[in-house]
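Peer 1: How does the following fold in three dimensions:
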Amino acid sequence: MRTLLYLSSLFLALPSIALAAAFLVLGTAISAHSLLGFLGVLLETALWLLPWGLLAIMAVFVALVVAGFSVRLRWLASLLVAALAIGSSATALALITLHGNGSLGQLVFFIPAAVSAAIALWLAVREGRASVTAAGARARADDARIAAAVITSENGMPRSRE
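Peer 2: Predicted structure coming up:
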């Protein structure tokens, strides 16, 4: 169930992340102040994305998806998803408000990112506590097993270190 919550949180954050990335790229391209400069920046960005950028983006996405299936790493992946959702929403909202053309109707677009951040933060808190508790129990059990193996051997005598 928590894996499904994590994956839904990740997929809810994607539109906000894409919007923030598009705003950043288009803002850089528009700041060139000419059509040739605009197209040059877009071409430069596309040339960067094709060989390594898309590969890196997909590698991060796959790593986040795989981390969601791991009980140990889900809390960290949830924190990263929450940071991405909050950061991308803050970036898009800042760019919208700086240009003075924001309206309340545009805020509806950020509801999925807010839900994504809330789910991811809830999972990070829940999974963080669970992993710390489970790790402590495993460590205590391992320490007890190691201590028992060192103290006694099969015949009850202390083992020698060879």
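Peer 1: Give me the below-cutoff pLDDT ranges for the protein.
Peer 2: Scanning the chain for pLDDT under 70 picks out the ranges 131-144, 146-162.
Peer 1: make it 90
Peer 2: In the predicted model, the chain carries pLDDT under 90 at residues 1-2, 19, 23-33, 45-54, 70-73, 92-110, 126-162.
Peer 1: all strands of this structure, in order?
Peer 2: Counting by DSSP state E, the chain has no strands at all.
Peer 1: Quick check: residue 27 touching residue 98?
Peer 2: No: applying Cβ atoms under 8 Å, one finds residue 27 not in contact with residue 98, separated by 9.5 Å. Glycine gets a C-beta too; all of them are placed from N, C-alpha and C.
Peer 1: and those two? which has more neighbours close in?
Peer 2: Of the pair residue 27 and residue 98, residue 27 is the one with more neighbours under other Cβ atoms under 10 Å, namely 13 against 10.
Peer 1: residues contacting the more buried one?
Peer 2: For residue 27, the contacting residues are residue 95, by Cβ atoms under 8 Å, 6 or more residues apart in numbering.
Peer 1: how near is it to residue 15?
Peer 2: Residue 27 is 18 Å from residue 15, where distance means Cβ to Cβ, to the nearest Å.
Peer 1: Equivalent analysis for residue 127, please.
Peer 2: 24 Å.
Peer 1: And these two? Which one has more around it.
Peer 2: Remark: of residue 127 and residue 15, residue 127 carries more neighbours, 21 against 15, as counted by other Cβ under 10 Å.
Peer 1: Leaving out chain neighbours, which residue sits closest to the more buried one?
Peer 2: Leaving aside its sequence neighbours, residue 127 sits nearest to residue 75 (Cβ to Cβ, 6 or more residues apart in numbering; 3.7 Å).
Peer 1: Measure how buried that neighbour is and give me the count.
Peer 2: 23.
Peer 1: mind listing what it touches?
Peer 2: Going by Cβ under 8 Å, 6+ apart, residue 75 touches 123, 124, 126, 127, 128, 130, 131.
Peer 1: roughly how far apart are the closest residue to the third one other than its chain neighbours and residue 73?
Peer 2: In other words, residue 126. Nearest residue to residue 126 in three dimensions, chain neighbours excluded: residue 2, at 7.4 Å (Cβ to Cβ, 6+ apart). Going from residue 2 to residue 73 by Cβ to Cβ gives 12 Å.
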